[in-house]
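# I would like the atomic coordinates for the input below:
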Amino acid sequence: MKLSIDKTQLISALQIITPITDKSSSKPILSNFLMEAKGGKGDDGSVEFSATDYEISLKGEFPAKVSEPGSVCISAKKVLEVCREFLSEEIVITSDDQLWVTLEGGPSRLRLPSVDIGLYPQMQAPDLPNRFRMSAQELRGCIDMTIFATMTNETRKNLMGVCLKLMDGSAAQWIATDGHRLAQVVKTVETVKANGAPEVIVPRKALVEMQRVLERNEQGVEIAFDDRNLLLDAGKVLLMTRLIEGKFPNVDPVIPRDNDKSVRVNRERMINALKIVSFMSNEKIKPVKM
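You can find the predicted model right below:
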């Protein structure tokens, strides 16, 4: 295999891939990622990156100049650390039959060991029965406004994610709660197909990775899911995650419906006021009186 790729493009891809790779010593193969050079030779070629930790899988395709098609399985963290320090704007990656991978960038040249690609688990994207489309910006907003309310410990696993529900075939509802805070967002979506009114729980970790993918996408995205898996199709990048098993609690009864007080405030001044009074709070006394 031999290819050259823009350094910025490579770093961007590795920043998405690396957090998914598993660093645990019990599964050393999962600290690697697959890199496959394919397509036509020269400027028409592309390189595909894929990684998995068995819970989350990600695959992305990026443009590259391919001299010799092929594939390698190599440490994501090491490649990212090395390529960040290269001074050249273009990085050349080659591999040989002895599973050595050479990285070249300007005056620097390093060799790293790789592993047999046959040992690495492959990502399989199934045909999922529920699909809808929305803009990347709106999806990023739905995640931002709900992920903070998810539970971070495992005492109640069904609260360690955001509940996603298709409503009436034209809207998606996102709900999260940790028992103290509750966040709910409802957004109009373009439903491609829906099987009833499905409801699933998307893990917090997967939502964090989805945010990374969406930061680099300004186009529309498609979400597909069943009762076990969810797939985010962001064009050049596919992310699939296992869903949390269990039933999300019914939060409708705890949402007040007859509020008789409503105040409209300036966002920046509200944040500034809360920051100032929060200096007087401590671990025992957290409430702020309004």
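
# what's around Ala37, how many residues?
25 (other Cβ atoms under 10 Å). Every C-beta, even on glycine, is put in place using the N, C-alpha and C of the backbone.

# for it, give me its contacts.
Ala37 makes contacts with Met1, Lys2, Leu3, Gly45, Ser46, Val47, Ala64, Val66, Glu68, Pro69, Gly70, Ser71, as judged by Cβ atoms under 8 Å, 6 or more residues apart in numbering.

# repeat that for 6 Å
Contacts for Ala37 (Cβ atoms under 6 Å, 6 or more residues apart in numbering) come out as Met1, Leu3, Val47, Val66, Pro69, Gly70.

# wait, the fifth one sits on Lys38?
Yes. In this structure, Pro69 is within contact of Lys38 by Cβ atoms under 6 Å, at 5.4 Å.

# mind listing the helices for the stretch 51-200 of the chain?
76-85, 136-144 (DSSP state H, counting those that start in this stretch).

# contact partners of the last one?
For helix 136-144, contacts defined as Cβ under 6 Å, 6+ apart pick out Trp174, Val185, Lys187, Leu207, Gln211, Leu214, Asn217, Val221.

# cool, stretch 106-118 as well?
Contacts for stretch 106-118 (Cβ under 6 Å, 6+ apart): 71-74, 78, 82, 86-88, 99-103.

# just checking, which of those residues belong to strands?
Among the contacts of stretch 106-118, DSSP state E puts Ser71, Val72, Cys73, Ile74, Trp100, Val101, Thr102, Leu103 in strands.

# tell me how far the closest residue to Ile147 other than its chain neighbours lies from Thr146.
In space, and not counting its chain neighbours, Ile147 is closest to Leu207: 5.2 Å by Cβ to Cβ, 6 or more residues apart in numbering. In this view, Leu207 and Thr146 are 8 Å apart by Cβ to Cβ, to the nearest Å.

# same check on Val92?
Val92 is 43 Å from Thr146, by Cβ to Cβ.

# may I ask which helix or strand of this protein has the lowest mean pLDDT?
strand 190-193 (a mean of 79; mean pLDDT, DSSP states H and E).

# tell me the spacing between Ala234 and Lys275.
The gap separating Ala234 from Lys275 is 35 Å, by Cβ to Cβ.

# ok, these two, which is more surrounded?
Ala234 (20 against 9).

# tell me the confidence at that one?
As predicted, Ala234 sits at a pLDDT of 90.

# from Thr52, how far off is it?
17 Å.

# repeat that for Ala64.
If you go by Cβ to Cβ, the gap between Ala64 and Thr52 works out to 22 Å.

# okay, these two: which has more neighbours?
Using other Cβ under 10 Å as the criterion, Ala64 and Thr52 rank with Ala64 on top: 26 against 20.

# isn't the more buried one up against Asp44?
No. Applying Cβ under 6 Å as the test, Ala64 and Asp44 come out as separate, 9.9 Å apart.

# can you pull the contacts of Gly60?
Ala13, Phe49, Lys236, Val237.

# if I look at the last one, what pLDDT would I see?
According to the prediction, Val237 has pLDDT 91.

# beta partners of the closest residue to it other than its chain neighbours?
Spatial nearest neighbour of Val237, excluding adjacent residues (Cβ to Cβ, 6+ apart): Gly60 at 4.1 Å. Taking DSSP bridges as the rule, Gly60 bridges to Phe49, Val237.

# please tell me how far Gly60 sits from Thr94.
Distance, Gly60 to Thr94, by Cβ to Cβ: 21 Å.

# next: Ala149.
Taking Cβ to Cβ, one finds Ala149 at 48 Å from Thr94.

# rewinding a little: dump the helices of the stretch 51-200 of the chain into CSV; add mean pLDDT and distance to Asn130 as well.
Formatted as CSV, the helices of the stretch 51-200 of the chain follow (pLDDT from 0 to 100; distance: least, Cβ to Cβ, whole Å):
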stretch, mean pLDDT, distance to Asn130
helix 76-85, 91, 31
helix 136-144, 94, 15
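
# want to throw those into JSON lines with mean neighbour count?
Output for these, formatted as JSON lines (neighbours: other Cβ atoms under 10 Å):
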{"stretch": "helix 76-85", "mean neighbour count": "17"}
{"stretch": "helix 136-144", "mean neighbour count": "18"}
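
# and those helices as a markdown table, adding distance to Asp22?
As requested, the helices of the stretch 51-200 of the chain are exported to a markdown table (distance: least, Cβ to Cβ, whole Å):
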| stretch | distance to Asp22 |
| --- | --- |
| helix 76-85 | 10 |
| helix 136-144 | 23 |
